[in-house]
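> sequence plus the predicted model coming up.
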Amino acid sequence: MKTEDLIQLLSRGAGPAPRAVAARRLGPGAALGLLAAAGLAALVPGWVPLALFGEAGPWFKLAYAGALALAAGWLAARLGRPVPRAGPPLAAVAAVLVAALGVGLGSWWQMPAAERTAALMGHSALQCPWNVLGLSLPALAVALWALRGLAPTRPVAAGAAAGLLAGALGAMGYALACAELALPFVAAWYTLGVLMAAALGALLGPRLLRW
């Protein structure tokens, strides 16, 4: 058989390549991860009263985590490709992180000196990052599964992006149960929890995303 005949035989009946494969895998997984995080937050420790959403703190948490989830999902989708162009989504992730830290630092700087420590530490600084990490685990499992079905060639970076996405979704779930309102607290400890999830994803990536 000639090479041309073999190519024609293999391509017979082949249609156009499917589009937005990464989005179709990561999107439903992200939705499931967010539902899992919100559901777990409702069970332990329970959602905060709706009256608390009259303050700026809960909305800042949700806006920050939501924007970071969108940017991280874009990054994960790009890193699921064999030759990713990760520059634009990586810049988006960095912009969200810098903006949140800037808001937190600006708020902290405007406070009286006597209130700064309390605003930064709150009453749950030691638990917050671990709670965000714990609530991110279902989303991390689903995100890694979604990437495994794609073609990532940089498993550490892809795993970190999956962890970043999962951490942001975990932070959104935890925002529904966290009574801390100070913006410096959110910028510091929510960010740490998200970065812990990204680090866990980077550790798991080479083990779970290898071809």
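Arrived safely, thanks for sending.

> could I get the full set of helices for this structure?
Remark: helices assigned in the chain by DSSP state H are 3-11, 21-43, 56-79, 87-110, 113-121, 128-148, 155-175, 183-185, 191-208.

> just put these in JSON lines and tack on mean neighbour count, distance to P49 and mean pLDDT.
Any C-beta I mention is one placed from the backbone N, CA and C, and that applies to glycine too. Shown next, in JSON lines, are these (neighbours: other C-beta atoms under 10 Å; distance: least, C-beta to C-beta, whole Å; pLDDT from 0 to 100):
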{"stretch": "helix 3-11", "mean neighbour count": "9", "distance to P49": "61", "mean pLDDT": "57"}
{"stretch": "helix 21-43", "mean neighbour count": "18", "distance to P49": "13", "mean pLDDT": "90"}
{"stretch": "helix 56-79", "mean neighbour count": "22", "distance to P49": "10", "mean pLDDT": "96"}
{"stretch": "helix 87-110", "mean neighbour count": "16", "distance to P49": "23", "mean pLDDT": "96"}
{"stretch": "helix 113-121", "mean neighbour count": "13", "distance to P49": "21", "mean pLDDT": "95"}
{"stretch": "helix 128-148", "mean neighbour count": "24", "distance to P49": "18", "mean pLDDT": "96"}
{"stretch": "helix 155-175", "mean neighbour count": "30", "distance to P49": "14", "mean pLDDT": "97"}
{"stretch": "helix 183-185", "mean neighbour count": "24", "distance to P49": "18", "mean pLDDT": "97"}
{"stretch": "helix 191-208", "mean neighbour count": "20", "distance to P49": "23", "mean pLDDT": "97"}
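
> and of those helices, who's closest to L50?
Nearest to L50, of all the helices of the chain, is helix 56-79, at 9.7 Å by C-beta to C-beta.

> tell me the angle that closest one makes with helix 21-43.
Angle of helix 56-79 versus helix 21-43, following axes from the mean of the first three to the mean of the last three C-alpha atoms, to 10 degrees, is 150 degrees.
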